[in-house]
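J.: build me a model:
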Amino acid sequence: MTLSVGRIWGLNMDLFLQRVFDAITNGSTYALIAVAMVLIFKATTLINFAQGEQAILGAFAVLQLWYWGIPMWGAVILGMLFSAALAAGLERVFIRKFDPSDHLPLVIITLGLFLVINAVAAIVWRFDPQSFPELFPSGNAFTYNNVRLSWYSIFAFGSCVLVLIVFQTLLTRTKTGLAFRAVSSNLESSRLSGIKVGPTLQFGWALAAAAGTLGASIYAANPVLQIEPSMMLRALIFSVTAAALGGLDSLWGALIGGLTIGFVQSVVVQYIPFIPNEMSLSAAVVVLLIVLTLRPSGVLGTKAVERV
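T.: Modelled structure (predicted):
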């Protein structure tokens, strides 16, 4: 016998619930990239515009390792380590020599890295879309009439929450994490107290790159997508919006922001007839502007993020 959720307030609830599940899936991947951006911002008050390209390069590394016969999750872990090492090297060579308070050269550098990494990925793997291997069990974990909740959706959300818990623990329970938080709070005081600021910031860049690679790998493993060098551009824009919405200095705010953007993209836009699907990004930005007008620091961000 076929059951139906039915209609409430004129809505087809089967379709509505399906779009909510899609919103959780999309929002989780946006949140993972947003977490990476928050880590960089917490340390430098800088938005890393190369974050998406670093993430997709890591995802391509995962794909290449899988081609070479390494089991998929082993390839993901190695890809995250590769991304972390690359980001640590980029921070040491290009970022550390500049004053963290002088954002203009740093923004120019991250934009340059965006272009270079995108070009490298295009040269090595070309712009031909490629299928990404499955990371999670295929099929649906839950089916109710026309509503389907896939294993991919469950594991994507669970991975996001797990990463947040691990990072929160790392930043609050380890010596390196506490040093990172100190540098994030006050750069000069950290120097005076003997903290090695350079390596600590390098640690933040490495963590952010590892999180970004995991997010890009999960995003590329979506059964309806294929991986190619420019696929993270749109996701990066949604992720920046999510980070700003949740609060650029809040890890859990990144999750709230990501889920909110996913909800706007998958649910809200579908029920506003004068907004086409192609305008989902604009709708997300409008929501961001409304929230920041009411609370400039974001939903969970501190009211003032400044260095003394």
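J.: can you tell me the closest non-neighbouring residue to residue 167?
T.: Counting by Cβ to Cβ, 6 or more residues apart in numbering, residue 251 is the residue found nearest to residue 167 once chain neighbours are left out, at 6.0 Å. (Glycine included, C-beta is placed from N, CA and C.)
J.: poorly predicted segments of this structure, please.
T.: Residue ranges of the chain with pLDDT under 70: 1-11, 101, 273-279, 303-308.
J.: dump the residue contacts of the spatially most central residue of it.
T.: In the chain, the centroid-proximal residue (Cα atoms, centre = their mean) is residue 33; its distance is 0.9 Å. Residues in contact with residue 33, defined by Cβ atoms under 8 Å, 6 or more residues apart in numbering, are 51-52, 55, 211-212, 215-216, 219, 232, 235-236, 239, 242.
J.: okay, and it sits in which element?
T.: helix 13-44 (DSSP states H and E).
J.: now do residue 210
T.: In the assignment (DSSP H and E), residue 210 maps to helix 197-220.
J.: give me the spatial nearest neighbour of residue 124, chain neighbours excluded.
T.: Leaving aside its sequence neighbours, residue 124 sits nearest to residue 60 (Cβ to Cβ, 6+ apart; 7.3 Å).
J.: where's the helix or strand containing the one you found relative to the chain centroid, distance-wise?
T.: In the assignment (DSSP H and E), residue 60 maps to helix 51-67. Distance, stretch centre to chain centre, for helix 51-67: 14 Å (Cα atoms, centre = their mean, to the nearest Å).
J.: for the closest residue in space to the residue nearest to the centre of the chain that isn't next to it in sequence, the count of nearby residues, please.
T.: Spatially, and ignoring its direct neighbours in sequence, residue 33 is nearest to residue 239 (3.7 Å; Cβ to Cβ, 6+ apart). Counted with other Cβ atoms under 10 Å, residues neighbouring residue 239 total 31.
J.: got a list of what residue 239 touches?
T.: By Cβ under 8 Å, 6+ apart, residue 239 lies in contact with 30-31, 33-34, 37, 51-52, 258.
J.: likewise for residue 178?
T.: Residues in contact with residue 178 (Cβ under 8 Å, 6+ apart) are 171-172.
J.: that one is in what secondary structure piece?
T.: helix 175-185.
J.: what angle separates that helix from helix 197-220?
T.: On the basis of axes from the mean of the first three to the mean of the last three Cα atoms, to 10 degrees, helix 175-185 is oriented at 100 degrees to helix 197-220.
J.: buried stuff in helix 175-185?
T.: Using 16 or more other Cβ atoms under 10 Å as the test for burial, helix 175-185 gives 177, 179-180, 182-184.
J.: convert that helix to PDB, retaining C-alpha atoms only.
T.: This file holds the C-alpha atoms of helix 175-185, laid out as PDB (Å, rounded to 0.1, in the frame of the first residue of the first chain):
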ATOM      1  CA  LYS A 175      48.400  22.800  23.300                       C
ATOM      2  CA  THR A 176      48.700  23.700  19.600                       C
ATOM      3  CA  GLY A 177      45.000  24.400  19.400                       C
ATOM      4  CA  LEU A 178      45.200  26.700  22.500                       C
ATOM      5  CA  ALA A 179      48.100  28.500  20.900                       C
ATOM      6  CA  PHE A 180      46.100  28.900  17.700                       C
ATOM      7  CA  ARG A 181      43.200  30.400  19.700                       C
ATOM      8  CA  ALA A 182      45.600  32.800  21.500                       C
ATOM      9  CA  VAL A 183      47.000  34.000  18.200                       C
ATOM     10  CA  SER A 184      43.500  34.400  16.900                       C
ATOM     11  CA  SER A 185      42.600  36.600  19.900                       C
END
